[in-house]
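what's the 3D shape of this:
(one chain, ligands or ions: 1)
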Amino acid sequence: MGQKGVHIEPAEGRLGVLLVGLGAVSTTFIAGVEAVKRGLGKPIGSLTQMGTIRLGKRTENRVPRIQDFVSLARLEDLVFGAWDIFPDDAYEAACEAQVLERGLLDQLRPALETIRPMKGVFDPNYVKRLHGTYVKERASKWDLARQLVDEIEGFQRERGVDRSVMVWCGSTEMHMVASGVHESLDAFEAGLKASDAAIPSSMIYAYAALLLGIPFANGAPNLTLDVPALRELAEKKRVPICGKDFKTGQTLMKTILAPGLKARMLGLQGWFSTNILGNRDGEVLDDPDCFKTKEVSKLSVLEHILQPHLYPDLYEGFHHQVRINYYPPRGDNKEGWDALDIFGWLGYPMQIKIDFLCRDSILAAPLVLDLALFLDLARRAGMHGVQEWLSFYFKSPMTLPQLYPEHDLFIQQMKLKNTLRFLQGEEQITHLGLDYYAED
Ligand SMILES: NC(=O)c1ccc[n+]([C@@H]2O[C@H](COP(=O)([O-])OP(=O)(O)OC[C@H]3O[C@@H](n4cnc5c(N)ncnc54)[C@H](O)[C@@H]3O)[C@@H](O)[C@H]2O)c1
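You can find the predicted model right below:
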């Protein structure tokens, strides 16, 4: 702990990582951690594993690795638990997802086979394209929440886990907006007992986690935590939460490029984005109700970064369209095209084309790792409620209702690193740097 730092409980013992959904992202994350532990690969894309942080003045040359600067759980101490609506273990699910090579998965098979999902809480009304066969018995939503609580406690007891975090890596649910049942914890609990239709499966998992004081990260664009009732529960139990929708692929590119265009005061007439995607996520998003959830998440990004109300000459009325096309031959290897119509000096038009041949789960897996480790850090540091400093990882960052979200990747990164400096009692870095040039 630094001089003015925050007291942080040590990262002793094992950390349970509870994953809702044992699909492409989850299995790529778990297999990746197992591969890294065995020296079979490197944790590329993970800030907690690869990143450094500058401390003090540039002349001090203090640039420790983040994992040496703040106390984070070690990969060896992670214990995985999962739910799914299909019974495949992590090895079978990883083979099915076809993200990682079979040769690598076979080397990890004994470890992966031990991770068998618990039966999911699922209702096809919220994800129409899936027909789960491995689903908890129909009971009231309240009973389902109680079952999850019992399972989590059993998992922690049996696996000797001291602390846990939960990350939603399940499918995208249909588009929903907050309503009366979400207004307060009391109304929400009454809604659980009445099996209110406005409470989708993801909220039942989040409720169970928060009740047990387990931090929750929402990797999908689902409404889940973004309602007063669950924020109230997070505050009551003093649990950190964050979301939503992992920032990978096309949106990652947008939040890298758009701040650059704005920094140079270049105008934007339109930004057209289309994707072809063939994994199960793509299939789920082929349903218009689920796509709507994703579309809302993807569309909000540019408006917030470009701030047309402040720069009407550059950005007022720009066209922004996003398409996702389910195209099975591509599997997890998505192709995202972007066509940008921009303009410069005296309004002269120019174009930028991007064709990102990316791998969705390869980009998402390190985010799951970082979120699990940082949420656990936040919990040990006594931080609770919405963790805006983790906006870096999300397409639609959660904030307090009165704040607008910060989408610019570079501001998000600065916020994240400054939070780590704050926790450790180090000075914030402003990049002013005038003192280097000051005369005595
Ligand atoms: N891969 C990326 O780059 C990326 C980026 C942003 C968001 N996401 C989101 O992350 C989530 C996971 O993506 P994926 O590619 O792994 O999808 P996937 O379809 O491979 O995996 C999702 C898994 O969740 C399971 N599931 C669905 N509903 C469930 C429930 N109620 N309880 C338990 N299990 C349930 C499904 O059976 C499936 O195995 C999706 O919502 C996706 O939109 C992914």
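
burial count for residue 439?
Other residues near residue 439 come to 3 when the count uses other CB atoms under 10 Å. Backbone N, C-alpha and C define where each C-beta goes, glycine included.

did I read that right, it in a strand?
No: counting by DSSP: H, G, I helix; E, B strand; the rest coil, residue 439 is not found in a strand; it is coil.

how far away is it from residue 102?
Distance of residue 439 to residue 102, computed by CB to CB, to the nearest Å: 65 Å.

Please apply the same query to residue 359.
According to CB to CB, residue 359 and residue 102 sit 16 Å apart.

between those two, who's got more neighbours?
Applying other CB under 10 Å to residue 359 and residue 102 shows that residue 359 carries more neighbours, namely 18 against 10.

Quick one: residues contacting the residue nearest to the more buried one when sequence neighbours are not counted.
Counting by CB to CB, 6 or more residues apart in numbering, residue 359 lies nearest to residue 333, which is 5.5 Å off, once chain neighbours are set aside. By CB atoms under 8 Å, 6 or more residues apart in numbering, the contact set of residue 333 is 278, 357, 358, 359, 360.

Helices of the stretch 151-300 of the chain, residue ranges please.
185-193, 201-211, 228-236, 249-263, 280-285, 288-306 (DSSP state H, counting those that start in this stretch).

neighbours of the residue of the chain found nearest the ligand, just the number please.
Of all residues in the chain, the one sitting closest to the ligand is residue 23 (1.8 Å; CB to the nearest ligand atom). Using other CB under 10 Å, the number of residues around residue 23 comes to 25.

and residue 336, helix, strand or coil?
Per three-state DSSP, residue 336 ends up strand.

so it sits right up against residue 282, yeah?
No: shown here, residue 336 and residue 282 do not form a contact pair, counting by CB atoms under 8 Å, at 12.0 Å.

any shared contact partners between these two?
Joint contacts of residue 336 and residue 282 (CB under 8 Å, 6+ apart) do not exist.

Around the ligand, which positions in the stretch 101-250 of the chain sit nearby?
Residues of the stretch 101-250 of the chain lying close to the ligand by CB under 6 Å from any ligand atom are 120-122, 127, 130, 169-172, 201, 219-220, 245-246, 248-249.

Could you look up the SS state of residue 149?
Going by three-state DSSP: residue 149 is helix.

Enumerate every residue touching the residue nearest to it when sequence neighbours are not counted.
Leaving aside its sequence neighbours, residue 149 sits nearest to residue 208 (CB to CB, 6+ apart; 4.9 Å). Residue 208 is in contact with 145, 148, 149, 152, counting by CB under 8 Å, 6+ apart.

Give me the number of neighbouring residues for the nearest residue to the last one once chain neighbours are set aside.
Same thing as residue 152. Nearest residue to residue 152, sequence neighbours excluded (CB to CB, 6+ apart): residue 212, at 5.8 Å. When counting by other CB under 10 Å, one arrives at 17 neighbours for residue 212.
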